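Q: sharing a model prediction with you, sequence too.
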Amino acid sequence: MHKQLTILGIDPGTVIMGYSVICCHSARVEVLDMGVLKLSRQKDHYERLQLIDEKVTQLIETFTPGVLAIESPFQGKNIQSMLKLGRAQGVAIVCARRAGLQVTEYSPKKVKQAVTGNGNAGKQQVWLMLRHQLQLPHEPEYYDATDALAVALCHYYALQQPVSASTSGKKAWKEFLAQHPDRIIP
């Protein structure tokens, strides 16, 4: 990647929504903004969705990102919570599409894997890795902000190392066979 790219990262939520904006140029990543939108004071779910719309629109207008990287909802047991989370994610996606942004969605496991090397990493592990990689000065009040930063960074990493479907499988298979010669059937 030779030209500059600004990425908006969103960790969707209806109580707290995390957001981040990073600017990427060559091998350098700069955090332009990072924070949370607290929605717990609004009792009406539709008011919360409107506030999400307003915040995401404001971030897009302020930083003019080229892409939205958003975390996909994880599968939970509470169907009502999943429905509300999906709505929050949908509002952010519509804001991005309305502004002409490309949208890319990443699972929480994929984000953690990209940032820490461990798809099952905890929120504090993600924060510590982000702090190390981006020289962040202090721990944020809410991990929702660092989750959003991790999503944006995950997208940046995905752009840096595109995987070719035609060679990655063969290479991985060759490596597996080299490590496990006893699995080869003559």
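A: Looks like it arrived, so ask away. Numbers count the residues shown, from 1 in each chain.
Q: all strands for this protein, in order.
A: Per DSSP state E, the chain carries strands over the ranges 5-11, 16-25, 28-38, 67-71, 102-106.
Q: so which residue is smack in the middle of the protein?
A: By C-alpha atoms, centre = their mean, the chain has its centre lying nearest to Val151, at 1.6 Å.
Q: quickly list what the nearest residue to that one once chain neighbours are set aside is bridged to.
A: Among residues not flanking Val151 along the chain, Gly9 sits closest, at 4.1 Å (C-beta to C-beta, 6 or more residues apart in numbering). Using the backbone N, CA and C atoms, a C-beta is placed for each residue, glycine as well. Note on Gly9: beta-bridge partners by DSSP bridges are Ser20, Ala69.
Q: now do Gly9, the pLDDT please.
A: For Gly9, the pLDDT comes out at 98.
Q: surely it and Asp144 touch.
A: No: between Gly9 and Asp144 there is no contact under C-beta atoms under 8 Å: 10.9 Å.
Q: between these two, what contacts are shared?
A: Contact criterion C-beta atoms under 8 Å, 6 or more residues apart in numbering; residues shared by Gly9 and Asp144: Gly18.
Q: between the two, which one's more packed in?
A: Gly9 (30 against 25; other C-beta atoms under 10 Å).
Q: distance check, that one against Gly66.
A: 13 Å (C-beta to C-beta, to the nearest Å).
Q: stretch 67-84: end-to-end distance?
A: 23 Å (C-alpha to C-alpha, to the nearest Å).
Q: now that stretch: average pLDDT?
A: 86.
Q: tell me which residues in it are buried?
A: Going by neighbour count (16 or more other C-beta atoms under 10 Å), the buried part of stretch 67-84 is Val67, Leu68, Ala69, Ile70, Glu71, Ser72, Pro73, Lys84.
Q: which parts of this structure are helices?
A: With helices called from DSSP state H, the chain shows them at 45-63, 79-98, 108-116, 123-134, 143-160, 165-179.
Q: pick the most deeply packed of the ones you listed.
A: helix 143-160 (a mean of 24; mean count of other C-beta atoms under 10 Å).
Q: that helix: how far from the chain's middle?
A: Centroid separation for helix 143-160 versus its chain: 4 Å, with C-alpha atoms, centre = their mean, to the nearest Å.
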